[in-house]
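Undergrad: I would like to see how this sequence folds:
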Amino acid sequence: MLFAFRAVVLTSYFLFGCILGLMLCIVRPFHRNNTRDCAKIFSFGRWLLNIKMTALNQSPVGDGQAIYVGNHQDTLDVFIYPGMLPGNIAILGKSSLRFIPVFGLLFWLAGNIFINRANKAKAWETMAAVARTVKKRGCAVYIFPEGTRSRGKGLLPFKSGAFALAIEAGLPVVPVVYSSTHKNINLHRFRSGKVLSRYLEPISTEGMGEGDVKRLAEMTRERMQQAIDELDVKLAAK
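TA: Numbering: from 1, shown residues only. Next up is the predicted model:
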């Protein structure tokens, strides 16, 4: 009963958040902080779910440029993760998002970036085009390198896009990790659970080229997996 009630409330709040965010973005379209401020609206959903999130640190580059990569777990991410977003950031999302009523328009007006992932043969060229946009705007970018939600399966293999973009744009990769929600969150309970999150140290892409994409992806994934395990252990100890 509690889970069903929360599902209804959260769906309603998501629609409300989209409308509220859309109003903000209509007033100041493509503003450098639209994504962060709209994310704050959605993060109120944590209160509705009675989820406690603790951020253990702040971004090591502040509002500066970087390619942020995070672990993508489930639909709760849209309410749990936003509290960690810095300013001056755009989210890289698949082009199909533009067709979601209200949300697609919000995503675009917030200044986020759509990308067509269908043509894998032109992945490097696609990221080169995104890199030019990022350099021109002087913004940071947030990407889920797994490409899809893991749904309790742990950290999935990484796709190359985020790392090709980081190398092409000449920006560091900043991993941001969250404890495993499938282990620590239960929406059937009044107190749903806790989430820990933290930024890892930036990984420099200086001197790297197209041939280093796979190595950079593997290195980043290893560090993120280790950090997620440490967060889960820390939560279990509490």
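
Undergrad: Confirm Arg215 sits in a helix?
TA: Yes - the assignment for Arg215 by DSSP: H, G, I helix; E, B strand; the rest coil puts it in a helix.

Undergrad: how close does it get to Gln226?
TA: Taking C-beta to C-beta, to the nearest Å as the criterion, Arg215 is separated from Gln226 by 17 Å. For the C-beta atoms, the positions are set from N, CA and C on the backbone; glycine is no exception.

Undergrad: do the same with His72
TA: Going from His72 to Gln226 by C-beta to C-beta gives 18 Å.

Undergrad: For these two, indicate the residue with more neighbours.
TA: Between His72 and Gln226, counted using other C-beta atoms under 10 Å, His72 has the larger neighbour count: 19 against 12.

Undergrad: For the more buried one, give its distance to Gly111.
TA: From His72 over to Gly111 the distance is 21 Å, taken as C-beta to C-beta.

Undergrad: Now do the strands in the protein.
TA: Assignment of strands within the chain using DSSP state E yields the ranges 51-55, 67-70, 89-94, 113-115, 140-143, 173-178, 193-199.

Undergrad: among those strands, which is nearest Met219?
TA: Shortest distance between Met219 and the strands of the chain, using C-beta to C-beta, is found for strand 173-178: 8.9 Å.

Undergrad: Any buried residues in the closest one, and which?
TA: By neighbour count with 16 or more other C-beta atoms under 10 Å, strand 173-178 contains the buried residues Val173, Val174, Pro175, Val176, Val177, Tyr178.

Undergrad: would CSV of these with distance to Ser192 be doable?
TA: Listed next are the buried residues of strand 173-178 as CSV, based on distance: C-beta to C-beta, whole Å:
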residue, distance to Ser192
Val173, 31
Val174, 28
Pro175, 25
Val176, 21
Val177, 20
Tyr178, 15
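
Undergrad: which of the residues you listed lies closest to Leu231?
TA: Taking C-beta to C-beta as the measure, Val177 is the one of these closest to Leu231, at 6.5 Å.

Undergrad: bridging residues for that closest one?
TA: According to DSSP bridges, Arg198 are recorded as the beta-bridge partners of Val177.

Undergrad: can you tell me how far it sits from Arg132?
TA: Distance of Val177 to Arg132, computed by C-beta to C-beta: 29 Å.

Undergrad: got the buried residues for the lowest-mean-pLDDT helix or strand in the chain?
TA: None of the helices or strands of the chain scores lower by mean pLDDT, DSSP states H and E than helix 123-137, at a mean of 87. Of the residues in helix 123-137, those buried under the neighbour-count criterion (16+ other C-beta under 10 Å) are Ala123, Trp124, Thr126, Met127, Val130, Ala131, Val134, Arg137.

Undergrad: same deal with stretch 13-21?
TA: Of the residues in stretch 13-21, Tyr13, Phe14, Gly17, Cys18, Leu20, Gly21 count as buried by neighbour count, 16+ other C-beta under 10 Å.
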